[in-house]
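Q: Show me the folded form of this:
(4 chains)
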Protein chains: 4
Amino acid sequence: MINIGIIGAGRIGQVHAKSILTGVPEAKIKAIADPFMTEQTEQWAKSVGINNVYLDHKKIIDDPEIDAVLICSSTDTHCPISLEAIAAGKHVFCEKPIDHDLEKIKSVISALEGKNIKYQVGFNRRFDHNFRAVRDAVVKGSVGDIQVIKISSRDPAPPPIAYVKISGGIYLDMMIHDFDMVRFLSGSEVDEVTAYGAALVDPAIGEAGDVDTAIVTMKLKNGALAVIDNSRQAVYGYDQRAEVFGSKGCVECGNDRASTAVISTVDGVNSEKPLWFFLERYMAAYQLEIRSFIDAIVNDTPTEVGVDDGLQPVLIGLAAKKSMEEGRPVKISEISI
Amino acid sequence: MINIGIIGAGRIGQVHAKSILTGVPEAKIKAIADPFMTEQTEQWAKSVGINNVYLDHKKIIDDPEIDAVLICSSTDTHCPISLEAIAAGKHVFCEKPIDHDLEKIKSVISALEGKNIKYQVGFNRRFDHNFRAVRDAVVKGSVGDIQVIKISSRDPAPPPIAYVKISGGIYLDMMIHDFDMVRFLSGSEVDEVTAYGAALVDPAIGEAGDVDTAIVTMKLKNGALAVIDNSRQAVYGYDQRAEVFGSKGCVECGNDRASTAVISTVDGVNSEKPLWFFLERYMAAYQLEIRSFIDAIVNDTPTEVGVDDGLQPVLIGLAAKKSMEEGRPVKISEISI
Amino acid sequence: MINIGIIGAGRIGQVHAKSILTGVPEAKIKAIADPFMTEQTEQWAKSVGINNVYLDHKKIIDDPEIDAVLICSSTDTHCPISLEAIAAGKHVFCEKPIDHDLEKIKSVISALEGKNIKYQVGFNRRFDHNFRAVRDAVVKGSVGDIQVIKISSRDPAPPPIAYVKISGGIYLDMMIHDFDMVRFLSGSEVDEVTAYGAALVDPAIGEAGDVDTAIVTMKLKNGALAVIDNSRQAVYGYDQRAEVFGSKGCVECGNDRASTAVISTVDGVNSEKPLWFFLERYMAAYQLEIRSFIDAIVNDTPTEVGVDDGLQPVLIGLAAKKSMEEGRPVKISEISI
Amino acid sequence: MINIGIIGAGRIGQVHAKSILTGVPEAKIKAIADPFMTEQTEQWAKSVGINNVYLDHKKIIDDPEIDAVLICSSTDTHCPISLEAIAAGKHVFCEKPIDHDLEKIKSVISALEGKNIKYQVGFNRRFDHNFRAVRDAVVKGSVGDIQVIKISSRDPAPPPIAYVKISGGIYLDMMIHDFDMVRFLSGSEVDEVTAYGAALVDPAIGEAGDVDTAIVTMKLKNGALAVIDNSRQAVYGYDQRAEVFGSKGCVECGNDRASTAVISTVDGVNSEKPLWFFLERYMAAYQLEIRSFIDAIVNDTPTEVGVDDGLQPVLIGLAAKKSMEEGRPVKISEISI
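A: As a prediction, the model looks like this:
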C-alpha cells in the first residue's frame, strides 16, 4: 500500500484525491494540506476517509509513513516543495508547470540526480483517449514519417484578469500543454519557434501585457513542421484537436461530446457542442495519469512524464514569448538554462 | 445512510456494487449473497469493505438493518426474491426481466400494492447519455408529433447455445430492452406487433428453437409506427442506435467509440469501431440507474423505471413471439395477464 | 449516332433531354412530343436544337429515323406507348412504374419476347453514387452474407391530394423505388411482405384512401430480412438512406448535402440539411441512367434495369397494399400475374 | 450572344470550353488557339462545334466578332496576351497567376485603367460550394469578428521536377490559391507573413531549390491571425479544408467524397477518401467561375475576382518566399511594386 499526501486542496487536488479513492486501490491518501483549508474541504476530506488535514504541508513532508506527495498548490510553490519532498525521499507528482524560472527547474533536476525517486509532471493530456489514439497511430507507423503537426487548443472562456497578470502569459500558461503535445505526438524536440499573438478576445488582456489569441509555428529537430493555435475563448466550448500528417497519411482527433444525438429540423442538422472545459474533457485522463504515477512507484519503472518533460515545454514557452516580443524566429538553444 | 444488500454476486452484481462504492456516498453495501459465491469474489467483497458475504440470500432478507436489495441473481429467482424482499419491507432494484411468466410478475405487482416500497427494474439503457439525449429532444418538442421510431440493437457475438435454450428467446431476452426503449422514447404503449425472425448467424440457434436475426414492426397507441431490428452478431461491435422521426424533424443517436481518432491513408478514412459490448457502452448508465434508485428512496419519489415498466416489455415480447410463431400481427391485448 | 424521340415534355422529359445534350455525344434528340406542349417548352426545345416538336407522339413512333424513345408521359400511357414503340422496332426507356396493372405489364413483356429491343425502366436510384457504393461493397463481399437490409425514404413534402388520389397509393407510387432498391442491394427476390401504414402527416391523405407514413417488413428469398420506412414529409429535406448488414459487417449510406460546412456556436454544432428533393439528390443519377441506356444500345448489351425489374416492384407494391388492407403478411406469390 | 475565344487548348482550356458548352447558353465559343494544337484536340473542338481552330492566338485577338478571351496558356504568356486583348477591347478571363513579376502585372492594371473591360482571374476555389458556404457564414455574421483563419491545402502527388523548377516555388505556385482564400474568407488584406518550409516529400524538390511542405503564418490588416499549411503529397487524396474562428463561433469545411458510404467491419469503420485532385473537387467551381465571368459581361457588373485580386496573392507569395529565404517575418509593404 502506497501512502499519499496531497499538498494543495483546491479543485485539482480534489480531482486527484477522487481518482485515488475510486480507482487506485493500492494507494491510500493519508493526509491533505492547504494553508487556506476551508471548513467545507476539511469535512469533505474526513468524509472520504482522509483523516489528517493540515494547514502546513511540512507535516506531510515530515511524515515518514508517506511515500509520495502530489503537489497541487500554486505554481510558485512547486519547486520549493518539490525540493523538500525529494530531500525527504518521497516520490513526487507535480502539477504543471514545474516553474517558469529555469534556474528553479534546474535545481529540481539536480536534486533528483542519483536518487531513485519517481517524479511526474501533470501533463494530463498525454493520458487523454483521443490524443493517445493519435499517438498510437503515429507509433504504429500509420502516418509514416511525420511532416506536419497541427494542434488547436481553445478555452471556453478567459480566466480573470488578475490571473492573467500572474499567469506567465499565454505561451507559458496555456500553450505549454500544446508544446508538450507536440513533443508527445512527434517524439522529437523542438528546434525553433515563431510566435504571433494578439489581444482579440478582450482588450483588458492586452492591457495586462498578454495576448489571448496566438499562433506558434515550429521547426522540429526531426525536420517536421508544427503549428499550434490558441484562443482564450471559443464560445462553443473547449476545442481540443490535433492532427499528425506524414508520408503515409494523416491522423486527427476531434472533441468529445455529451452525446451522439443529432437533430434534423428545418433549421439544419444540429449536434452537441464539445464538452465545456478541461474537467469535463479530461476527467478520465486525470485518473489515468495518477494511475500511471502509482504504477511507476509500484513497478519501479520510469514515470511516463518525467522532469525533463516538465522542463522542455517551459523552454519552448520562453522562446515563444521572446519570439513575439522581438518579432523574429527564436531557436530553443537561445534560451539559456 | 441507506444499507444495501446485493443478491447475486456475478458480473452485474459486482458492477452495481462498484457503482455504489464509487458514486453513491449515502449508500453502504452491508452484505452480498450468492449460492455459488467463489473465494475470489468473497475476497474482492471484503477488500472493498463488504463485510457480510453469504451463500444464502435469506440472511439479507432477514437483516432488519438492510433497507434495500439489489436482485442480480438468475431470472427465475427474480420474482420469489422480490416477494420475500417486499414482505420484509425492503426497497427492491430488480434486474430485467422481472420474469417471462405474467402470473409471477402479477404477484409482484399485487404484493407492492398499498405499500410505499420503491421497486425499480434494471432497464439501464434509459440512463444512457445518448438515448437520454434523444428522449430529451422528443420531450422538448424538437421532433414534433412522433410518427416513426426506429431502433437497431446488435450484439457483438451470440451467447452460448446453452444460454440461448433457457433465454426465453430473442424477443424476451434481447429485444425486451428495445421494447422498453420504444416505450421510453415514445411515451406511448404498444398496440400491435408483427415479428419476423430467422437464424442467419448460427444454425445452432435455429436448432435450439430460437432466431438470431429479428425485425419487429409495431403500432403504438399514440398512432405512431415503430420498428426494431436485432442481431446476435455484429462483428464490428455493439451497435446500438435509435431514431425518432416526427412532424418537426428527426433525432437520432449513434454509437460511442473509444476515441475520435480518424486515420486517412491510401486505404480510406478509418475511424474507431463502436465500443465492444454493454459493459463498455453502458457503464455510466449502470452507475446512473443505481444513483437514481437511491435518490428515489432518499427523496421518497417514484422510481424512474417502475414495476409496470417491467411488465409491459414482457407483454410485447410475448406478443412478438406469438406473432412469429403464428405468422400474423398480434395485439398486445391478446396477451392475457 | 442514335436518334432519340422524347415522349412527354414535362419536368422529367426535360431532365433526360439535358442529360443527352450535355453528356451523351453519340445520341441526338430528333423530336419531342407532348399533347400539352406549351409555347415555352417549344421555345426551349428549339433553343437546344430539338427541331421537331409535336403534339402527337405517333409522329415519333412513325419516324423510321428514330432509334429509341424515352417515355416520360403520364403513367397510364406507359404501356400503350411501349407497345407502339416496340411494334415500331424502337428501343424504349420507360419511366417508372411501367404500370400498376399486371396484365398491361405482361403485354409489354410478351411484346418484347424474341426481339432484340432494349427496354429500360427508370429506376434512377440504382445509378446514385451512394446506393451504388453500398451495392459495390455488397458485391465485393465486404459485408459477407446479407442478413438485414434497411431503407429509409422520406420526401420533403407531400404531393397534392389530387395526385395522391390517382397515385396508386404510397406503396406503388413512392415505396416502389425502395422495393427496387431492396432487390438491387440484395440481388434477391422478395418472398413475403407485411405492411403497416398510417395517415400521420395529413388527414386529407387518409381521407383520400392512402397513408403517408409506412413501414414494410420483408422476407427475401435468400433468407435475409428487410425493412423500409417511408414518410411523405421530412421537414428537413429529402432523407434517403440505406444499410446492408451481414455476417462480415455493415455498409450504410447517408444523404448528400449542399456543402460540408459546419458551424459551431453557443447554439450547437450545425451542418447542412440533406439536399431538398429528388432533382437535387439524383441529377447525376438521371444522367448516368440515360448514359447507361445509350450504352446498352450502342454495345448491344442488356439494359441495367430491364422489364422484369419494372415488374417485380409492382408485384411487391401490390402485395404490400394487400397486406395493409387485410392486416396480414402476404406472399408475393399470392399476387397473380 | 457573347462570342468567346479560348487561348490555350490544354486541360484547363478544355475544362472551360465544356463549362460554356453545357452551362452558358448565352455564350458561344467561336475559336480556340494553341501553338501546340494536337490533331486530337482539333477533332474534339470541331466535334463540339468550335469551328475555328488556330495555332496563332493573334487570329482571335484580331477577330472583331470575338467579345471575350479566356487565357489558358502558359503563365509567362498571361501578361502579353492580356495586354493584346485589352488593346483589342476584349474582356479577359485569365488563369492564375497573372504573372510572378510585379511589373508585368502592373502593366496589365495600367492597361485596364479607364476602360470598361471585364478582367477576371481564375481563382476557381472562390466558387467552390464548401468555401463559399464558409464565406457565407462569415458574411452573415455567424462567427462574429474574425480572430483566426486556418487553411489546409495538400495535393495528392507532387508535380514533375521539371515543372517544380519553373513553377516559381510552392508559395507562388500552390499556396497562392490559399493566400487568395485568406483574403476571400476574411475580407481583409494581409499585413505580414512568416514562412516555414522544408523538402520532406521528395529531396529532389529541395535540390531544385523549392520546398514541398510549408506553413505560413500571417497577420491580417483587420487584426486577425491566419495560418496556411501546404503539402505536395497527401497520399489519401486532395485535402482542402478551411476554418474561420471568431468571437461568436467557428465555421469549417471539409473535403468532398465520392459517396457517403461507410463500411463497418472487424477492421474499423471505413469511409471514402477525399476526391482525388482539383478536377474532381473543383469541376463545379470551374463551371461557376465561367458562368460568373459571362454574367459580369452581360450585366456590366464588376467581375467577382478582379485584377487586384490577381495581384495581392502574388505580393503575399513573394513576401512568403522572402520570409523563408531570410528567416524572418516580412511585411507585404516590403514587396515593392
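Q: which residue lies farthest from the center of chain A?
A: Going by CA atoms, centre = their mean, the residue of chain A most distant from its centre is residue A:266, 42.1 Å out.
Q: Grab the nearest non-local neighbour of it.
A: Nearest non-adjacent residue to residue A:266, counting by CB to CB, 6 or more residues apart in numbering or on different chains: residue C:235, 5.2 Å away. Every residue, glycine included, has its C-beta placed from N, CA and C.
Q: wait, is that neighbour part of a helix?
A: No. Counting by DSSP: H, G, I helix; E, B strand; the rest coil, residue C:235 is not found in a helix; it is coil.
Q: Contacts only, for it.
A: Contact analysis of residue C:235 by CB atoms under 8 Å, 6 or more residues apart in numbering or on different chains lists A:265-266, B:247-249, C:156.
Q: rerun at 10 Å
A: A:264-267, B:143-144, B:246-250, C:154, C:156-157, C:201, C:273 (CB atoms under 10 Å, 6 or more residues apart in numbering or on different chains).
Q: Distance-wise, check it relative to residue B:247.
A: 7 Å (CB to CB, to the nearest Å).
Q: Name the helix or strand for the residue of the stretch 51-200 of chain A found nearest chain B, please.
A: Nearest to chain B, among the residues of the stretch 51-200 of chain A, is residue A:133, at 3.7 Å (CB to the nearest CB). Following DSSP states H and E, one finds residue A:133 within helix A:129-139.
Q: the helices in chain A, which residues?
A: Ranges of helices within chain A are A:11-23, A:39-47, A:58-61, A:78-87, A:102-112, A:129-139, A:161-166, A:170-173, A:176-186, A:203-207, A:278-299, A:307-326, based on DSSP state H.
Q: from the ones you listed, which stretch is densest packed?
A: Comparing the helices of chain A by mean neighbour count (mean count of other CB atoms under 10 Å in any protein chain shown), helix A:170-173 ranks first with a mean of 26.
Q: Is that helix in proximity to chain D?
A: No. Judged by CB under 10 Å from any CB of the partner chain, helix A:170-173 makes no contact with chain D; its nearest approach is 12.6 Å.
Q: ok, now stretch A:126-137?
A: No. Interface with chain D: stretch A:126-137 contributes nothing (CB under 10 Å from any CB), its closest point being 11.4 Å away.
Q: Average pLDDT for that stretch, rounded please.
A: Averaging pLDDT along stretch A:126-137 gives 98.
Q: Just confirm yes or no for that stretch near chain C.
A: No. Stretch A:126-137 stays clear of chain C (CB under 10 Å from any CB), getting no nearer than 16.6 Å.
Q: Isn't residue A:185 up against residue A:146?
A: Yes. Contact criterion CB atoms under 10 Å: residue A:185 and residue A:146 qualify, at 8.0 Å.
Q: overlap in contacts of the two?
A: Shared contacts of residue A:185 and residue A:146, defined by CB under 10 Å, 6+ apart, comprise A:138, A:224, A:226, A:244.
Q: contacting residues around the last one?
A: With contact taken as CB under 10 Å, 6+ apart, residue A:244 is in contact with A:134-135, A:137-138, A:142-143, A:146-151, A:182, A:185-186, A:224, A:226, A:250-253, B:263.
Q: Over to the third one?
A: Residues touching residue A:226, when contacts are defined by CB under 10 Å, 6+ apart, comprise A:146-151, A:178-179, A:181-183, A:185-186, A:188, A:190, A:193, A:216-220, A:244, D:196, D:215, D:229.
Q: List the contacts of residue A:232.
A: A:154-159, A:164, A:170, A:173-174, A:199-202, A:205, A:210-214.
Q: Equivalent analysis for residue A:109, please.
A: Shown in contact with residue A:109 (CB under 10 Å, 6+ apart): A:98, A:119, A:306-308, A:310-311, A:337.
Q: for residue A:89, same thing?
A: Residues near residue A:89 by CB under 10 Å, 6+ apart: A:64, A:67, A:115-117.
Q: how about a cut-off of 8 Å?
A: By CB under 8 Å, 6+ apart, residue A:89 lies in contact with A:115, A:117.
Q: Quick check: it vs residue A:54, distance?
A: Residue A:89 is 19 Å from residue A:54, by CB to CB.
Q: Near chain B, which residues of chain A are found?
A: A:21-23, A:25, A:47, A:129-130, A:132-134, A:137, A:142-143, A:248-256, A:258-266, A:272 (CB under 8 Å from any CB of the partner chain).
Q: change it to 6 Å
A: Residues of chain A lying close to chain B (CB under 6 Å from any CB of the partner chain) are A:22, A:129-130, A:133-134, A:137, A:142, A:248-254, A:259-265.
Q: In ChimeraX, how would I select just the buried ones from the residues you listed?
A: Command for ChimeraX, covering only those of these found buried under the criterion 16 or more other CB atoms under 10 Å in any protein chain shown:
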select /A:129,130,133,134,137,142,248,249,250,251,252,253,254,259,260,261,262,263,264,265
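Q: per-residue confidence for the residue nearest to the spatial centre of chain A?
A: A centroid search over chain A (CA atoms, centre = their mean) returns residue A:123, at 3.1 Å, as the residue closest to the centre. Note for residue A:123: predicted pLDDT of 98.
Q: how about the nearest residue to it, chain neighbours excluded?
A: residue A:180 (4.6 Å).
Q: Just to check, the one you found is in contact with residue A:314?
A: No. Between residue A:180 and residue A:314 there is no contact under CB atoms under 6 Å: 9.9 Å.
Q: correct me, but residue A:145 touches residue A:245?
A: No. In this structure, residue A:145 is not within contact of residue A:245 by CB under 6 Å, at 10.2 Å.
Q: Contact partners for residue A:20?
A: Residue A:20 sits next to A:27, A:29 when contact means CB atoms under 6 Å, 6 or more residues apart in numbering or on different chains.
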